[in-house]
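Participant: this one's structure only:
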Ligand SMILES: [Zn+2]
């Protein structure tokens with residue numbers, strides 16, 4: 001397949017009008033024109049790399065936001081909200097986990113995410129071609145110092161080529177502040193270590209993490225909801241590597257698009273672009289080529305309207321009209337579907353998202369809704385948004 005006419009992001013601040021081909025799920029800037037192939041004219045559009053969501057709990061995205069914060073730390077939040085025998089947790093947990101994971105994948109796809117880091121064990125369904133997005137496969141993890149007593153052995157068992165991801169410093173109190181010292185004393189602050197949240201960090205803590213080449217995942221709306229504030233501006237200004245994450249529907253405001261809007265009030269567009277593309281790919285130790293559009297990189301990309309902005313500006317201003325993963329069209333807005341003759345676009349299935357509009361997806365949302373309705377008759381919302389098919 002040959003893509004022509006569009007400007008293609010060459011980083012946060014530059015885009016070049018160039019054609020490229022998609023072969024075997026990879027991008028090539030040296031298309032073999034002697035071979036006949038479908039040609040797609042995307043004049044008037046800008047191509048951005050597929051986004052990387054560095055933190056989610058895919059099985060918890062039909063949940064409403066739970067809790068009445070602000071809490072001093074995440075442990076206090078968890079103790080307050082986890083009542084599995086009572087509504088609404090009881091009804092949510094009655095939905096089979098496989099369905100809940102699919103919903104989480106769909107949430108990510110709808111916001112332009114092509115790769116997500118799931119904070120729990122890797123599940124077989126993630127490798128199924130029907131799963132809506134890519135899920136990080138090689139990683140070590142622990143929930144947190146409080147809820148994973150074996151966190152140190154989990155860290156030790158994680159090969160250094162893989163990230164080790166743990167919720168940490170998620171609070172505003174002394175207990176949350178002390179977690180950095182505990183991790184440092186245990187020798188866990190290394191270049192593969194990824195702390196999620198870090199709200200308790202000050203500038204010295206951020207510098208200490210940066211020196212150890214550890215990284216942070218920032219989930220601004222989740223932090224605001226549970227703790228009443230997010231990470232300190234000094235931490236955002238430090239040299240620390242930071243990626244952006246949504247967390248789940250239990251605490252986050254929505255999907256990665258919503259998180260980008262919130263984060264844009266605190267960091268400049270170029271930094272934000274890196275947080276969801278190349279920076280996130282580096283932190284999660286994804287293979288070379290993820291988070292960028294270059295020769296040989298995975299054909300994971302977004303199609304947005306080209307208003308002449310830089311890629312970083314467009315990332316925050318334009319919702320994706322199409323999402324492509326491994327060269328396959330996974331999502332198209334109804335407007336895009338009306339004008340684009342992408343091979344196979346007619347086979348996509350409709351999905352309506354509250355506040356976003358009508359899409360076609362390479363995913364049977366109607367079937368997912370029907371299967372969910374067998375066991376759940378409550379208000380069906382995906383990370384806060386009503387969904388219909
Ligand atoms: Zn989390």
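Facilitator: All right, it came through fine. Since we're looking at a predicted model, the values are computed, not measured.
Participant: Name the residues of the helix or strand that contains residue 314 that are buried.
Facilitator: When elements are assigned from DSSP states H and E, residue 314 belongs to helix 311-317. In terms of neighbour count (16 or more other C-beta atoms under 10 Å), helix 311-317 has its buried residues at 311, 312, 313, 314, 315. C-beta: built from backbone N, CA, C; applies to glycine.
Participant: and the third one, what does it touch?
Facilitator: Shown here is residue 313, whose contacts under the criterion C-beta atoms under 8 Å, 6 or more residues apart in numbering are residue 269.
Participant: Kindly provide the distance from it to residue 366.
Facilitator: 36 Å (C-beta to C-beta, to the nearest Å).
Participant: ok so, going back, can you tell me which of the buried residues of helix 311-317 is closest to residue 13?
Facilitator: Proximity of the buried residues of helix 311-317 to residue 13 (C-beta to C-beta) peaks at residue 312, which lies at 6.3 Å.
Participant: didn't the closest one look like it was pressed against residue 14?
Facilitator: No - Residue 312 is not in contact with residue 14 according to C-beta atoms under 8 Å; the separation is 9.9 Å.
Participant: Next, count neighbours for the residue nearest to residue 136 when sequence neighbours are not counted.
Facilitator: Spatial nearest neighbour of residue 136, excluding adjacent residues (C-beta to C-beta, 6 or more residues apart in numbering): residue 117 at 4.4 Å. For residue 117, the neighbour count with other C-beta atoms under 10 Å is 25.
Participant: Let me know the helix or strand that residue 117 is in.
Facilitator: Residue 117 belongs to strand 113-118, assigned by DSSP H and E.
Participant: what packs against that strand?
Facilitator: If you count contacts as 3 or more C-beta pairs under 8 Å, 6 or more residues apart in numbering; DSSP states H and E, strand 113-118 packs onto strand 51-56, helix 97-110, strand 134-135, strand 322-325.
Participant: Show me the strands paired with it, marking each as parallel or antiparallel.
Facilitator: strand 51-56 (parallel), strand 134-135 (parallel) (DSSP bridges).
Participant: For the stretch 1-150 of the chain, which segments count as strands?
Facilitator: 2-4, 7-9, 15-17, 20-23, 26-28, 39-41, 45-49, 51-56, 113-118, 134-135, 140-142 (DSSP state E, counting those that start in this stretch).
Participant: so where do the helices sit in this protein?
Facilitator: Secondary structure of the chain (DSSP state H): helices at 74-81, 89-93, 97-110, 151-157, 174-185, 203-211, 220-227, 233-237, 256-263, 269-275, 278-283, 311-317, 334-339, 365-373.
Participant: can you list those in JSON lines and add distance to residue 59 and mean pLDDT?
Facilitator: Listed next are the helices of the chain as JSON lines, based on distance: least, C-beta to C-beta, whole Å; pLDDT from 0 to 100:
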{"stretch": "helix 74-81", "distance to residue 59": "15", "mean pLDDT": "96"}
{"stretch": "helix 89-93", "distance to residue 59": "9", "mean pLDDT": "96"}
{"stretch": "helix 97-110", "distance to residue 59": "4", "mean pLDDT": "98"}
{"stretch": "helix 151-157", "distance to residue 59": "20", "mean pLDDT": "98"}
{"stretch": "helix 174-185", "distance to residue 59": "25", "mean pLDDT": "98"}
{"stretch": "helix 203-211", "distance to residue 59": "29", "mean pLDDT": "97"}
{"stretch": "helix 220-227", "distance to residue 59": "16", "mean pLDDT": "98"}
{"stretch": "helix 233-237", "distance to residue 59": "29", "mean pLDDT": "96"}
{"stretch": "helix 256-263", "distance to residue 59": "17", "mean pLDDT": "98"}
{"stretch": "helix 269-275", "distance to residue 59": "24", "mean pLDDT": "98"}
{"stretch": "helix 278-283", "distance to residue 59": "21", "mean pLDDT": "98"}
{"stretch": "helix 311-317", "distance to residue 59": "28", "mean pLDDT": "97"}
{"stretch": "helix 334-339", "distance to residue 59": "29", "mean pLDDT": "96"}
{"stretch": "helix 365-373", "distance to residue 59": "13", "mean pLDDT": "97"}
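Participant: Show me the one of these that comes nearest residue 164.
Facilitator: helix 151-157 (5.2 Å).
Participant: which residues are contacting that closest one?
Facilitator: By C-beta under 8 Å, 6+ apart, the list of residues contacting helix 151-157 reads 140, 141, 142, 143, 144, 145, 148, 164, 166, 186, 188, 193.
Participant: Buried residues, that helix. List them.
Facilitator: Those would be 151, 152, 154, 155, for helix 151-157 by 16+ other C-beta under 10 Å.
Participant: And for stretch 185-195?
Facilitator: 188, 189, 192, 193, 194, 195.
Participant: try stretch 236-243
Facilitator: 236, 238, 240, 241, 242, 243.
Participant: Need the residues that contact that stretch.
Facilitator: In contact with stretch 236-243 (C-beta under 8 Å, 6+ apart) are residues 52, 54-55, 194, 203, 206-207, 209-210, 213, 215-218, 235, 266-267, 275-276, 279-280, 282-284.
Participant: Filter the residues you listed down to the buried ones.
Facilitator: Looks like those have 52, 54-55, 194, 206-207, 209-210, 215-218, 235, 267, 275-276, 279-280, 282-284 buried, using 16+ other C-beta under 10 Å.
Participant: Format the strands paired with strand 113-118 as JSON lines; extra columns: distance to residue 64.
Facilitator: Output for the strands paired with strand 113-118, formatted as JSON lines (distance: least, C-beta to C-beta, whole Å):
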{"stretch": "strand 51-56", "distance to residue 64": "16"}
{"stretch": "strand 134-135", "distance to residue 64": "24"}
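Participant: could you dump those strands to TSV with mean pLDDT and distance to residue 76?
Facilitator: Shown next, in TSV, are these (pLDDT from 0 to 100; distance: least, C-beta to C-beta, whole Å):
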stretch	mean pLDDT	distance to residue 76
strand 51-56	98	20
strand 134-135	98	30
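Participant: With respect to residue 10, which of those strands lies nearest?
Facilitator: strand 51-56 (16.9 Å).
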